[in-house]
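[1] Task: produce atomic coordinates for the following.
(2 chains)
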There are 2 protein chains.
Amino acid sequence: MKPTDPTKSQMPAVAHARGLNNPDTSAPQWERLLGLPPRPGMKLQARLREAVVQAILAGQLTPGTALPSSRELCQLLGLSRNTVTAAYQQLIDDGYLQSRLRSGVFVALHARPLAADMALARNDPFRGSQARPDVAPDWSTRVLRSHSTDRSLAKPARWQDYPYPFVYGACDDKNFPLEGFRECCTLTLSRSQLPEWTHDLESADVPQLLEQIRQRVLPARGVFAVPEEILITCGSQHAYSLLSEALFESGTRVGLEDPGHPHARNSLASRAPRLIPIGVDEEGLVVDELPALDYVFVTPSHQSPTTHVMSLERRQWLLRKAELHNFVIIEDDYEAENLYEGTPMPALKSLDQTGRVVYIGSVSKSLSPALRLGYIVASKELIAELRQTRHTMLRHPSAFMQQAYAMYLSLGHHETHARRVNAEMLQRLERVGKALQQHLPEFRFQQPRGGASIWVQAPAHIDSAELALVAQQFGVLIEAGSVFFLQAPTSCPFFRLRVSSIGLNQIEAGIAALARAVKKLEARRLH
Amino acid sequence: MKPTDPTKSQMPAVAHARGLNNPDTSAPQWERLLGLPPRPGMKLQARLREAVVQAILAGQLTPGTALPSSRELCQLLGLSRNTVTAAYQQLIDDGYLQSRLRSGVFVALHARPLAADMALARNDPFRGSQARPDVAPDWSTRVLRSHSTDRSLAKPARWQDYPYPFVYGACDDKNFPLEGFRECCTLTLSRSQLPEWTHDLESADVPQLLEQIRQRVLPARGVFAVPEEILITCGSQHAYSLLSEALFESGTRVGLEDPGHPHARNSLASRAPRLIPIGVDEEGLVVDELPALDYVFVTPSHQSPTTHVMSLERRQWLLRKAELHNFVIIEDDYEAENLYEGTPMPALKSLDQTGRVVYIGSVSKSLSPALRLGYIVASKELIAELRQTRHTMLRHPSAFMQQAYAMYLSLGHHETHARRVNAEMLQRLERVGKALQQHLPEFRFQQPRGGASIWVQAPAHIDSAELALVAQQFGVLIEAGSVFFLQAPTSCPFFRLRVSSIGLNQIEAGIAALARAVKKLEARRLH
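    Next up is the predicted model:
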């Protein structure tokens, strides 16, 4: 058998009659054309199907083209016969290929939209669209609200390549509960489950997720709610912008923890309210001399970035003040479940009797930052309004994700996984604490009782922005503290070390490298 | 063996020592407590695990409680021994249960957060949060931008129970490509794929989805783009609100098709631009006497709601005018792929040489309205800004969904499924057309060449809002036309019939029922 030109050897006449645009001199080079894309984790059969479909859609295989027999192709590509026949059968079922009795397998006549051919006939298909800049719109004046200069947490490009990334970003893949989540997706995609989530929800949410959150997630935080008090969001950040969209305008007075969460600050600012900084001490937000406010945003479970837990007394005081002075508390229950010692303090929301606390939670954080599911708990009246705001913004978060996550919660995977992640984070934080004491004894920090970060104060003469730059040369990434403050200080000794992206065994070497960066910075200062 | 009190019979002393709050007189009734939730499609083993976890978290099974032996439980619940032992083993692995040598299986000591107990000790845990209305915030004054009175498409409650729902909403579950999508989720959840999507994307998108859209989806529409010209959104609605957020303010002049898409209108209005109605004829948007504009929103592939396809001449003319008068075209390529006859006309964007067309597409529509994935194609400069706008709004659409959908596209499932759905919709539209001619010959409509709806004009004396109400009594749901017009007309003879939620065999009876409703309405008018 000659493997070089199976098209010709099998059925050249048909192929030509069907308008094959590879004339005989350039018959398909099957090894090249169907070389399997290197897709780790994807089965050979699926990769073969992908290669065939790609070649059809790209116009490399035109309708009517004969394909090699499964026997030929398995030899050409070094695949098993079963793999090839299974892939062919699926492609026939899908309408890409046709089988003709005693003639073999061919590219189906309508396998590819004609518009694609039309378009591919142009000169340079994957050009950009700025061929005539003289008449292009001037986007710099058209964009009325640019966020490209927002002060925000930034990581260098290819941050994963640094050996000591004390920043947020990587999910710990080895801890990802693959089997559990896969089971939930498979269950969600069973025929009998489809009516639960495939129809158009408009402004609604998947009922089973609301039930799981109210019955399973919220009680662990001391919060009890009815379904009409819960709205699903695409993560916490979406909750901030929904609230800003519905509730804020330029005169609205919004108190923010200072230092605080820069992403929350940027989202809450989208309707340009007046942002008012409020200090933070070891018991959380300082509430004795609050200015006049309409709203205050707090992270009582672990203040972001200092990691301090708001004391019970402070919580009660804050609530009392909110009632007296008629302001609303927006509580982000940040990293509430990541607590390693003792019982987590119930949420501020659990003390709320009047719907004065708007509670923001995230169900996906411990699983992966990439899943994007969170929720707001507030009074029915506000939730009903936010539902319509959300509908206007994007209808609803993916119902498939909602249903799969409801399944995940109902099978108890959430708690199991959170426990595993917390144990891991605890070890890492302890390792960082010890390494700091050893290598940077003049740096101050409080060993956190939870979360996944440590807030560090360098000696006053060190600016953490400068330190971050020097540390980068030593392979260490840290989060300089300036961005957490509402008014960027001229020099800021604070910085944050996060442990979610760095392995336990890298930590000590990372802090040692940071200490060398400090030495270099100080040496430079003495010159 | 007595199945009534396995706790006692096995290890009462231990159970009591651990603080079991079911004293011996009220020992757990295992059949009731672990009665399997009726979850179609979920395996018995998973349902048993769910029941056990639920009972632990609800405090019905407390730490230290002995569980029935697997032999006892399989008899009590009528399950196989394998099912019970597998469920127990998984629950032990997950930390909910503990196995003690020769003593049996117990609820683990730390299986349940203490905060949940604290909270459950309250009187009425699932109360609402409005116990003291005297000091509750006044949300009616606090909500500054209410969307609850937006004119929008509305369906009656329990619309699925009507026999003839000519409205949008249901996904045709029997057409859902279950196996294909399940395969993609499983592939996405393979260990080796995790690094592709589980890390923090911040403002980025999953690169493989961008590649699939630009190489596979866009060329079929005649559009060629580089990855920097594409942004993923949570569906088309999200695209409208992103554009409004970035580009519009109160003075901005935005032209809208009239009649047009009410959801687009509401989202585009979120920053309160001046909305200017522009007429529509059988060639699409009427462009000869356009007022001064900054933007115009169009649905050239199938005008929503009239289903007219914009002619090539009209497209060229619109583009030329946009360049001359310096306005930007927002093209929603609505139902572009749902075309049954001939070649779909390339998108308006395919004619664009200067980035003057902002293109909106949806990848998930043909699969299920519940998935929520779409995209914007525009100049790099605008996309870079919209990325930051999106970050502030919600970071990014779920990376898991992005990766799974990229897989779905790469395996060719998208085209296969779209073809199947289109064939089905074509049949339904033809059936509606024939039934209209037969039962309502005085009603005018154009048989659409694509899409999933027919725009119908009743005789002038019929108001479609009234007709819709009467039709509902006959089990027929239609979309009255008024909502599609920027200024609601006092009486509107137009309405829309959609076919995505109604089975082929219901159609003729549905139109016949609609004809009876028309008769009743006319009889009422004569009185």
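[2] residue ranges with poor pLDDT in chain A?
    Along chain A, the model assigns pLDDT under 70 to residues A:1-28, A:38-41, A:110-134, A:170-172, A:336-344, A:364-366.
[3] Show the contacting residues for the most centrally placed residue in it.
    The centre of chain A sits closest to A:Ala370, judged by Cα atoms, centre = their mean, with a distance of 2.6 Å. Residues near A:Ala370 by Cβ atoms under 8 Å, 6 or more residues apart in numbering or on different chains: A:Cys171, B:Trp197, B:Thr198, B:His199, B:Asp200, B:Leu201, B:Ser398, B:Ala399, B:Phe400. C-betas here are computed from N, CA, C, even on glycine.
[4] Same question for A:Arg100.
    A:Arg100 sits next to A:Phe106 when contact means Cβ under 8 Å, 6+ apart.
[5] Spit out the contact partners of the closest residue to the residue nearest to the centre of chain A other than its chain neighbours.
    With Cβ to Cβ, 6 or more residues apart in numbering or on different chains as the criterion, A:Ala370 has its nearest non-adjacent residue at 3.4 Å, and that residue is B:Ala399. By Cβ under 8 Å, 6+ apart, the contact set of B:Ala399 is A:Ser368, A:Ala370, A:Leu371, A:Arg372, B:Trp197, B:Thr198, B:Leu201, B:Val206.
[6] Buried only: go through these for me.
    A:Ser368, A:Ala370, A:Leu371, A:Arg372, B:Trp197, B:Thr198, B:Leu201, B:Val206 (16 or more other Cβ atoms under 10 Å in any protein chain shown).
[7] Filter those down to the ones in helices?
    Under the assignment DSSP state H, the buried ones among the contacts of B:Ala399 contribute B:Trp197 to helices.
[8] mind giving me CSV with the buried ones among the contacts of B:Ala399 and columns for distance to A:Lys519?
    Formatted as CSV, the buried ones among the contacts of B:Ala399 follow (distance: Cβ to Cβ, whole Å):
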residue, distance to A:Lys519
A:Ser368, 37
A:Ala370, 38
A:Leu371, 41
A:Arg372, 41
B:Trp197, 39
B:Thr198, 36
B:Leu201, 36
B:Val206, 41
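[9] Go through the buried ones among the contacts of B:Ala399 and name the one nearest B:Leu109.
    Closest approach to B:Leu109 among those (Cβ to Cβ): A:Ser368, at 29.0 Å.
[10] you'd agree the closest one is up against B:Thr198?
    Yes: if you go by Cβ atoms under 8 Å, A:Ser368 and B:Thr198 touch, sitting 4.5 Å apart.
[11] thinking again about what came up before, and the residue nearest to the centre of chain A, how far is that from A:Phe181?
    12 Å (Cβ to Cβ, to the nearest Å).
[12] and if you look at A:Arg420?
    To A:Phe181, A:Arg420 is 14 Å away according to Cβ to Cβ.
[13] Same check on A:Pro397?
    Going from A:Pro397 to A:Phe181 by Cβ to Cβ gives 17 Å.
[14] With neighbour numbers in mind, choose between those two.
    Neighbour count, other Cβ atoms under 10 Å in any protein chain shown: between A:Pro397 and A:Phe181, A:Pro397 has more, with 30 against 23.
[15] hang on, that one in a strand?
    No: residue state for A:Pro397 (DSSP: H, G, I helix; E, B strand; the rest coil) corresponds to coil; a strand is not indicated.
[16] Grab the nearest non-local neighbour of it.
    Spatial nearest neighbour of A:Pro397, excluding adjacent residues (Cβ to Cβ, 6+ apart): A:Cys234 at 4.8 Å.
[17] wait, that neighbour sits on A:Arg372?
    Yes: under the criterion of Cβ under 8 Å, A:Cys234 makes contact with A:Arg372 at 4.7 Å.
[18] any common contacting residues for those two?
    Listed contacts common to A:Cys234 and A:Arg372 are A:Pro397, B:Leu394, B:Arg395, B:Pro397, B:Ser398; contacts here mean Cβ under 8 Å, 6+ apart.
[19] ok, the last one to chain A distance?
    Distance of B:Ser398 to chain A, given as Cβ to the nearest Cβ, to the nearest Å: 5 Å.
[20] Return the residues in contact with that residue.
    A:Cys234, A:Ala370, A:Leu371, A:Arg372, A:Leu373, A:Pro397, A:Ser398, A:Met401.
[21] Repeat that for the third one.
    With contacts taken as Cβ under 8 Å, 6+ apart, B:Arg395 has the following neighbours: A:Cys234, A:Gly235, A:Gln237, A:His238, A:Arg372, B:Leu201, B:Glu202, B:Ser203.
[22] burial of the closest residue to chain B within the stretch 201-350 of chain A, as a residue count?
    Going by Cβ to the nearest Cβ, chain B is nearest to A:His238 of the stretch 201-350 of chain A, at 3.8 Å. Number of residues near A:His238 (other Cβ under 10 Å) recorded here: 27.
[23] can I have the strand or helix carrying it written out in CSV, keeping just the CAs?
    Secondary-structure element containing A:His238, defined by DSSP states H and E: helix A:236-247. Extracted in CSV, the C-alpha atoms of helix A:236-247 (Å, rounded to 0.1, in the frame of the first residue of the first chain):
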residue,chain,number,x,y,z
SER,A,236,-17.7,39.3,44.4
GLN,A,237,-16.5,41.9,42.0
HIS,A,238,-19.8,41.7,40.2
ALA,A,239,-21.6,42.3,43.5
TYR,A,240,-19.7,45.5,44.0
SER,A,241,-20.6,46.9,40.6
LEU,A,242,-24.2,45.9,40.9
LEU,A,243,-24.5,47.8,44.2
SER,A,244,-22.7,50.8,42.7
GLU,A,245,-25.0,50.7,39.7
ALA,A,246,-28.2,50.6,41.7
LEU,A,247,-27.4,52.7,44.7
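[24] helices and strands around that helix, which ones?
    For helix A:236-247, the packing partners by 3 or more Cβ pairs under 8 Å, 6 or more residues apart in numbering or on different chains; DSSP states H and E come out as strand A:230-233, helix A:262-268, strand A:328-332, strand A:357-362, strand A:374-377, helix A:380-394, helix B:380-394.
[25] Out of these, the one nearest A:His302 is which?
    Of the helices and strands packed on helix A:236-247, the one closest to A:His302 (Cβ to Cβ) turns out to be strand A:328-332, at 9.9 Å.
[26] Pull up the pairing partners for that closest one, direction included.
    Strand A:328-332 has its sheet partners listed here by DSSP bridges as strand A:295-298 (parallel), strand A:357-362 (parallel).
[27] can you give me the angle the longest one makes with helix A:380-394?
    Counting by axes from the mean of the first three to the mean of the last three Cα atoms, to 10 degrees, strand A:357-362 lies at 40 degrees to helix A:380-394.
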